[in-house]
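S.K.: quick check, what structure comes out for this input:
(chains A, B, C and D)
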Number of protein chains: 2
Amino acid sequence: MAPANFMTGVAELMVLRLVKDREMYGYEIVAAIREETGAVVRAGEGVIYPVLHGLEKDGALAASRKTVNGRSRIYYRLTPKGLRRLDGLAQDWTALAGAVDTVLKGRRHAPAL
Amino acid sequence: MAPANFMTGVAELMVLRLVKDREMYGYEIVAAIREETGAVVRAGEGVIYPVLHGLEKDGALAASRKTVNGRSRIYYRLTPKGLRRLDGLAQDWTALAGAVDTVLKGRRHAPAL
DNA sequence: TCCCTATACCTCGAGCATCTAGGTATCGTA
DNA sequence: TACGATACCTAGATGCTCGAGGTATAGGGA
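M.R.: Have a look, this model is predicted:
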């Protein structure tokens, strides 16, 4: 049996969070996720590019092409809609993480705040 | 765009964790997940039964049919193999949760190139 | 008795996100 | 000029979830 992923939705959440701080381009995002998570999350280009396109199509990201050092890059920045989406996903994630933690630790009677 | 799931693999992890404490049957597990997570995780029967069958086929769970109060139930218990799988998944989950948290909180922010 | 709900099992098909594995092109360096 | 790094992209297969159904029994109420 293959190792379960747990990855669903995480890629999108991370993309939104990363571009919140500053404009970033796809290749850079892939590297940032690999480095900042200590390679725990390995979301390759095959994952990130479709996510970026989907988010842009949905109006959560805005893209602008720029040439830097002779290299053509597509920078993405967060739109207000994207910010709302990020907030929602972050909340969902926090709730899930708390729920999983509760079950993992087996506290049956502790009120969850 | 629909709300992202984040659910992949979580159902399996929770099933393994729940039956670690005591034998449980499918219908009971569905209710337990709903209640213990405050309905944050809504893994219905359509999710849990296939997971149970898969884990049993894989040797992670052992099943035994019992009749209680005139009702036929299939109880599952954790095997040594299932325990190893639980430990592995729990570790994976913890690592992922930590990684996501790191990115969400935006620590370690390197200067732009 | 009949019917409805709760219990308890199960499966199918649609949908969607991931993952692998490719492809293209440019730049700097050896 | 050959190569690796940069930077973009897509197609197909896989795998998991999810909803909607189906079967059957027990118990209670009208």
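S.K.: contacts only, for the most centrally placed residue in chain A.
M.R.: For chain A, A:Met14 is the residue whose C-alpha lies nearest the centre (CA atoms, centre = their mean; 1.8 Å). Listed by CB atoms under 8 Å, 6 or more residues apart in numbering or on different chains, the contact partners of A:Met14 are A:33, A:41, A:43, B:100, B:103. To be clear about C-beta, it is placed using only N, CA and C from the backbone, and glycine gets the same treatment.
S.K.: now do stretch A:40-52: distance to the chain's middle.
M.R.: 9 Å (CA atoms, centre = their mean, to the nearest Å).
S.K.: what does that stretch rub up against?
M.R.: Contact partners of stretch A:40-52, identified using CB under 8 Å, 6+ apart, comprise A:7, A:10-12, A:14-15, A:26-27, A:29-30, A:33-34, A:61, A:63, A:76, B:95-96, B:98-100.
S.K.: stretch A:59-69 vs DNA strand C: in contact?
M.R.: Yes: counting by CB under 7 Å from any atom of the strand, contacts between stretch A:59-69 and DNA strand C involve A:Asn69.
S.K.: now what about that stretch, what contacts it?
M.R.: Here stretch A:59-69 has contacts from A:16, A:19, A:23, A:52, A:55-56, A:72-79, A:81-82, A:85, B:1, using CB under 8 Å, 6+ apart.
S.K.: who's in contact with A:Tyr76?
M.R.: A:Tyr76 neighbours (CB under 8 Å, 6+ apart): A:19, A:23-26, A:52, A:55-56, A:61-63.
S.K.: by neighbours, which of those residues wins?
M.R.: Highest neighbour count within these: A:Val19, with 26 neighbours (other CB atoms under 10 Å in any protein chain shown).
S.K.: for it, give its distance to DNA strand D.
M.R.: 12 Å (CB to the nearest atom of the strand, to the nearest Å).
S.K.: kindly report the same for A:His53.
M.R.: A:His53 is 6 Å from DNA strand D, by CB to the nearest atom of the strand.
S.K.: any part of the helix or strand hosting that residue near DNA strand C?
M.R.: Using DSSP states H and E, A:His53 sits in helix A:45-57. Yes: with CB under 7 Å from any atom of the strand as the measure, helix A:45-57 is seen reaching DNA strand C through A:45-47, A:50-51, A:54.
S.K.: alright, I will stop here.
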